[in-house]
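S.K.: make a model of this:
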Amino acid sequence: QVQLVESGGGLVQAGGSLRLSCAASGRTFSNYAMGWFRQAPGKEREFVAAISSGGSRIYYADSVKGRFTVSRDNAKNTVYLQMNSLKPDDTAVYYCAAGLRAYTFTTTGSDFGSWGQGTQVTVSS
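M.R.: Purely as a prediction, here's the structure:
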């Protein structure tokens, strides 16, 4: 089992930027894909971005493409989500998640077995 701890959320004005971090422990981080998801009040959880174990394969939701960048530092067991040009619609609790199976790239929530506690991102207009 892997433990995930997110940080970096906060309150920002529209057009601003934030960088989320997710530190992992408990298993070989570099063997697993990582994902970011978000959940806004009254809405279902939605996929944001995913990155493969080695970082060569990346996928974004259309709603964040061109504004968000996912990256990882396997030496630090950390995955990042750089969020630029933030919009009020980006307001949500953001969660990082670790893939269930080694060396398997996925964007499906049910294929992620470990989740962080979430970090709140609030974008004011």
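
S.K.: partners of the most centrally placed residue in the chain in the sheet?
M.R.: Nearest residue to the geometric centre of the chain (CA atoms, centre = their mean): residue 36, 2.3 Å. In this entry, residue 36 is beta-bridged to residue 49, residue 96, by DSSP bridges.

S.K.: list the contacts of it.
M.R.: Residues in contact with residue 36 (CB atoms under 8 Å, 6 or more residues apart in numbering) are 20, 22, 48-50, 70, 79, 81, 94-97. The way it works is simple: take the backbone N, C-alpha and C, and place the C-beta from them, glycine included.

S.K.: how about a cut-off of 7 Å?
M.R.: By CB atoms under 7 Å, 6 or more residues apart in numbering, the contact list for residue 36 reads 48-49, 70, 81, 94, 96.

S.K.: and those, which is closest to residue 31?
M.R.: Relative to residue 31, the closest of the contacts of residue 36 is residue 96; by CB to CB it sits at 16.0 Å.

S.K.: check contacts around that closest one.
M.R.: Applying CB under 7 Å, 6+ apart, the residues near residue 96 are 4, 6, 22, 34, 36, 79, 116.

S.K.: ranges for the strands of the protein?
M.R.: With DSSP state E as the criterion, the chain has strands at 3-7, 10-13, 18-25, 34-39, 46-51, 58-60, 68-73, 78-83, 92-99, 112-115, 119-124.

S.K.: relative to strand 46-51, how tilted is the fourth one?
M.R.: The reference is to strand 34-39. Relative orientation of strand 34-39 versus strand 46-51 (axes from the mean of the first three to the mean of the last three CA atoms, to 10 degrees): 170 degrees.

S.K.: centre of the chain to strand 34-39, how far?
M.R.: Centroid separation for strand 34-39 versus its chain: 4 Å, with CA atoms, centre = their mean, to the nearest Å.
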